[in-house]
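Asker: sequence-free structure coming up:
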């Protein structure tokens, strides 16, 4: 099975990165702009929620576009770890019990993206293509 999927792995990773970034953007827009509307009462837009919403929106967009995705994902991973311990951990040990599953999933998805970088289908691959080939040429000399 790996033999068949192996050649598609870079593309599957790109789709994963794009979808995770797309989904994360909406958490930021919901906090910052109230869109899309939620069936839960809106939290006041204090400094903490503004910071969280900004990180979610900006990092989600950077991850989606594949522009500095490794850095953005590392920042988003840390934010989700903090969110888990601030909002969920006091509700019990297991994420299933304390309703923190999504925070844990995002945290580790972003950690994976941080370890892989932008990959294919990214702005980084377009913007930095010349620099990488120049670096490879320098190493050959």
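Answerer: Alright, I've got the coordinates. This structure is a prediction, so every number in the text was calculated from the model and none was measured.
Asker: rest of the way, CA atoms for contacts and neighbours
Answerer: Will do.
Asker: list the buried ones in the biggest helix by length in the chain?
Answerer: Using DSSP state H to define each element, the chain has its longest helix at helix 9-33. Buried residues in helix 9-33, counting neighbours by 16 or more other C-alpha atoms under 10 Å, are found at 13-14, 17-18, 20-32.
Asker: same thing with stretch 50-62?
Answerer: Buried positions in stretch 50-62, judged by neighbour count with 16+ other C-alpha under 10 Å: 51, 52, 53, 54, 55, 56, 57, 58, 59, 60, 61, 62.
Asker: next one: stretch 30-48
Answerer: Those would be 30, 31, 32, for stretch 30-48 by 16+ other C-alpha under 10 Å.
Asker: for residue 37, give me its contacts.
Answerer: With contact set as C-alpha atoms under 8 Å, 6 or more residues apart in numbering, residue 37 has these partners: residue 30.
Asker: tell me the SS of residue 38?
Answerer: The three-state assignment at residue 38 reads coil, by DSSP: H, G, I helix; E, B strand; the rest coil.
Asker: what residues are up against the residue lying closest to it once chain neighbours are set aside?
Answerer: Leaving aside its sequence neighbours, residue 38 sits nearest to residue 30 (C-alpha to C-alpha, 6 or more residues apart in numbering; 7.7 Å). Shown in contact with residue 30 (C-alpha under 8 Å, 6+ apart): 36, 37, 38, 53.
Asker: let me know the pLDDT of the nearest residue in space to the first one that is not next to it in sequence.
Answerer: To tie it back to what came earlier, the one meant is residue 36. Nearest residue to residue 36 in three dimensions, chain neighbours excluded: residue 30, at 5.7 Å (C-alpha to C-alpha, 6+ apart). As predicted, residue 30 sits at a pLDDT of 93.
Asker: likewise residue 124?
Answerer: The predicted local confidence for residue 124 is 96.
Asker: distance of it relative to residue 113?
Answerer: 14 Å (C-alpha to C-alpha, to the nearest Å).
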